[in-house]
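K.L.:
from the sequence below, what's the structure:
(one chain, ligands or ions: 2)
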Amino acid sequence: MAADTITITGGTPLNGSVRVRGAKNLVTKAMVAALLGETPSTLRDVPKISDVRVVRGLLGAHGVKITDGDEDGELILDPSAVESAHFAEINAHAGSSRIPILFCGPLLHRLGEAFIPDLGGCRIGDRPIDFHLDVLRQFGAIVEKLPSGIRLSAPQRLRGTKVELPYPSVGATEQVLLTAVRAQGTTELRGAAIEPEIMDLINILQKMGAVISVDTDRVIRIEGVDRLEGYTHRALFDRNEAASWAAAALATEGDIFVAGAKQAEMGTFLNVFRKVGGVFEIQDDGIRFRHPGTPLNPVIIETDVHPGFMTDWQQPLVVALTKATGVSIVHETVYEQRFGFVDALIEMGATIQVHRECLGSQACRFGQRNFQHSAVISGPSALRAADIAVPDLRGGFSHVVAALSAEGASRVSNVGIISRGYENFFEKLTALGANFTLEA
Ligand SMILES: CC(=O)N[C@H]1[C@@H](OP(=O)(O)OP(=O)(O)OC[C@H]2O[C@@H](n3ccc(=O)[nH]c3=O)[C@H](O)[C@@H]2O)O[C@H](CO)[C@@H](O)[C@@H]1O
Ligand SMILES: C=C(OP(=O)(O)O)C(=O)O
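P.N.:
Ligands and ions are numbered 1, 2, ... in the order given. So this is what the prediction gives:
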């Protein structure tokens, strides 16, 4: 279903079961890693989301042959005929994803050149790529800013280096990993991000023949090798999707079993879910999340890099916090502009104020810089229907959940963006008993 506007009649709790497959934030990078292998790779549990389609198109434009395997969600990626692609072709495929920047290291190793297209991704801050370009330069890449975009070249083999990131960026850490594994010599990365998706990417690279050790205090050491093989891997589950459905269960007073969710990668979320009053049951094949049937509690949260409270969990949870009795505070420390989505919630009757100050125990990078990055949510509020437009992926999920928990019929436009990160979103809503119609 490709409809972009949905009419939702709220008031029905979401009850039932949904299954999450491989994480958007791992699967797409695993697909890029296949470029590094001399032999084909097999990736399992790949969800049908638009970010996967974008990366598939971009790999195809570079000569990678991708076929579906026998199992549903299995991709075979054959990189034996990798070739350069033209700027126009790359830009045409780059779409709404941020992943194209991660092609740089593998393409520099294989072809000696790479182009960086216009990047997509959610507009929740400036999202510069300075860390990426700085580390690529440190490996020996030449970065040229041309009128048509950024071209990178590696006249000689890239060399291992000592890198220290100013902030534990997920993407820049992956950039270092995907570049260092085939560079000459050892790379030491300090200030690395250590999100579970990064650890799973390291698992994949190790299967390919890489030598990577994760030390204490955000230090990762990579010993470059001359050759990597293809891998076979089942992707880590999408903990961000799982957290979204958990928040939806709370906001709609429902009960949702998320098949495929696992405790280990969700510990920080589960603590907060419990503090809000949510009830969860860890089972062998998933986690059941439900509303307690009594009023929800307010909480104070600061988003942070792993093992902190993930920023991508914040937006869906805020909807549930509009229903809690008392004042909740969310201090967003990862992105400077991630509260645009609350305007729609306010229009629907939520009481939310957004502040420039750091309302938390840590002064973050955005304090004193005029970014509205702390939200104060006072509840409980009975939300009412409105006509709203989805601003970004998680904001979109939140808007849909707000409409599902509101009284009356809401019209939510631009819902197509939600397919960037949620597989079979409308089918899942139907399975959970949501009352909605899609505009043709
Ligand atoms: C596809 C993917 O995996 N997306 C995830 C990834 O995004 P992404 O990899 O883009 O996020 P980063 O961790 O790099 O960004 C974190 C912060 O660092 C800043 N920064 C980053 C790079 C840079 O060169 N310069 C710079 O200043 C960003 O503007 C942001 O404020 O990690 C984020 C943080 O967990 C998640 O919210 C995204 O879902
Ligand atoms: C911010 C997100 O993703 P991206 O980096 O792909 O925009 C997200 O998944 O919430």
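
K.L.:
give me the local confidence score for the residue of the stretch 201-350 of the chain found nearest ligand 2.
P.N.:
The minimum distance from the stretch 201-350 of the chain to ligand 2, using C-beta to the nearest ligand atom, falls at Asp312 (3.8 Å). C-betas here are computed from N, CA, C, even on glycine. Per-residue pLDDT puts Asp312 at 98.

K.L.:
hey, C-alpha coordinates of the helix or strand encompassing it in CSV?
P.N.:
Mapping Asp312 onto the secondary structure by DSSP states H and E places it in helix 311-321. Extracted C-alpha coordinates of helix 311-321, given in CSV (Å, rounded to 0.1, in the frame of the first residue of the first chain):
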residue,chain,number,x,y,z
THR,A,311,16.9,9.3,20.8
ASP,A,312,14.8,7.3,18.3
TRP,A,313,12.7,6.0,21.3
GLN,A,314,11.8,9.5,22.5
GLN,A,315,9.2,10.6,19.9
PRO,A,316,6.7,7.7,20.3
LEU,A,317,7.1,7.7,24.1
VAL,A,318,6.2,11.4,24.3
VAL,A,319,2.7,10.5,23.1
ALA,A,320,2.3,8.1,26.0
LEU,A,321,3.7,10.7,28.4
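
K.L.:
C-terminal to that helix, what's the next element?
P.N.:
Criterion used, DSSP H and E; the element after helix 311-321 is strand 326-331.

K.L.:
for the next helix or strand after that following strand, give me every contacting residue.
P.N.:
Following strand 326-331 in sequence order, the next helix or strand is helix 342-347 (DSSP H and E). For helix 342-347, contacts defined as C-beta atoms under 8 Å, 6 or more residues apart in numbering pick out 318-319, 322, 350, 352, 354, 375, 383, 386, 388-389, 398-399, 402.

K.L.:
could you dump these to JSON lines with pLDDT?
P.N.:
Output for the contacts of helix 342-347, formatted as JSON lines (pLDDT from 0 to 100):
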{"residue": "Val318", "pLDDT": "98"}
{"residue": "Val319", "pLDDT": "98"}
{"residue": "Thr322", "pLDDT": "98"}
{"residue": "Ala350", "pLDDT": "98"}
{"residue": "Ile352", "pLDDT": "98"}
{"residue": "Val354", "pLDDT": "98"}
{"residue": "Ala375", "pLDDT": "98"}
{"residue": "Leu383", "pLDDT": "98"}
{"residue": "Ala386", "pLDDT": "98"}
{"residue": "Ile388", "pLDDT": "97"}
{"residue": "Ala389", "pLDDT": "96"}
{"residue": "Ser398", "pLDDT": "98"}
{"residue": "His399", "pLDDT": "98"}
{"residue": "Ala402", "pLDDT": "98"}
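
K.L.:
out of those, which end up buried?
P.N.:
Among the contacts of helix 342-347, those scoring as buried are 318-319, 322, 350, 352, 354, 375, 383, 386, 388, 398-399, 402 (criterion: 16 or more other C-beta atoms under 10 Å).

K.L.:
which of the residues you listed fall within strands?
P.N.:
352, 354, 375, 388 (DSSP state E).

K.L.:
report the contact partners of the third one.
P.N.:
By C-beta under 8 Å, 6+ apart, the contact set of Ala375 is 318, 329-330, 332, 339, 342, 352-355.

K.L.:
same thing with the second one?
P.N.:
Going by C-beta under 8 Å, 6+ apart, Val354 touches 339, 342, 372-376.

K.L.:
kindly state the beta-bridge partners for it.
P.N.:
Beta-bridge pairing of Val354 under DSSP bridges involves Ala375.

K.L.:
and the gap between it and Glu347?
P.N.:
Distance from Val354 to Glu347, counting by C-beta to C-beta, to the nearest Å: 14 Å.

K.L.:
enumerate the residues of the stretch 201-350 of the chain near ligand 1.
P.N.:
311-312, 334-335 (C-beta under 6 Å from any ligand atom).

K.L.:
tell me the two of those that are most distant?
P.N.:
Using C-beta to C-beta, those span at most 9.7 Å, a distance reached by Asp312 and Tyr335.

K.L.:
in the lowest-mean-pLDDT helix or strand in the chain, what's buried?
P.N.:
Within the chain, no helix or strand scores below helix 87-94, which has a mean of 77 by mean pLDDT, DSSP states H and E. Neighbour counts over helix 87-94 (16+ other C-beta under 10 Å) mark 89-91, 93-94 as buried.

K.L.:
among the residues you listed, which pair sits farthest apart?
P.N.:
Glu89 and Ala94 (9.8 Å).

K.L.:
for the residue of the stretch 201-350 of the chain closest to ligand 2, which non-adjacent residue is closest in space?
P.N.:
Asn240 (4.4 Å; C-beta to C-beta, 6 or more residues apart in numbering).

K.L.:
pretty sure that neighbour contacts Gly22?
P.N.:
No: contact status for Asn240 versus Gly22: not in contact, 11.7 Å apart, counting by C-beta atoms under 8 Å.

K.L.:
quick one: the residue of the stretch 201-350 of the chain closest to ligand 2 and Asp238, what's the gap?
P.N.:
In terms of C-beta to C-beta, Asp312 sits 10 Å off from Asp238.

K.L.:
same thing with Leu429?
P.N.:
Leu429 sits 17 Å away from Asp238, going by C-beta to C-beta.

K.L.:
which one's more surrounded, those two?
P.N.:
For Leu429 versus Asp238, the count of surrounding residues by other C-beta atoms under 10 Å is larger for Asp238: 29 against 22.

K.L.:
is it true that that one touches Lys24?
P.N.:
Yes: the pair Asp238 / Lys24 is scored as a contact, 6.1 Å apart, by C-beta under 8 Å.

K.L.:
shared neighbours of the two, which are they?
P.N.:
47, 421.

K.L.:
wait, doesn't Gly260 sit right on Ser17?
P.N.:
No: the pair Gly260 / Ser17 is not scored as a contact, 10.5 Å apart, by C-beta under 8 Å.

K.L.:
settle it for me: which of the two has more neighbours?
P.N.:
With neighbours defined as other C-beta under 10 Å, Gly260 and Ser17 compare such that Gly260 has more, 18 against 15.

K.L.:
how close does that one get to ligand 1?
P.N.:
Going from Gly260 to ligand 1 by C-beta to the nearest ligand atom, to the nearest Å gives 18 Å.

K.L.:
same thing with Phe339?
P.N.:
Per C-beta to the nearest ligand atom, Phe339 is found 14 Å from ligand 1.

K.L.:
of Asp312 and Tyr335, who's got more company?
P.N.:
Neighbour totals were compared for Asp312 and Tyr335, and Asp312 leads with 24 against 20 (other C-beta under 10 Å).
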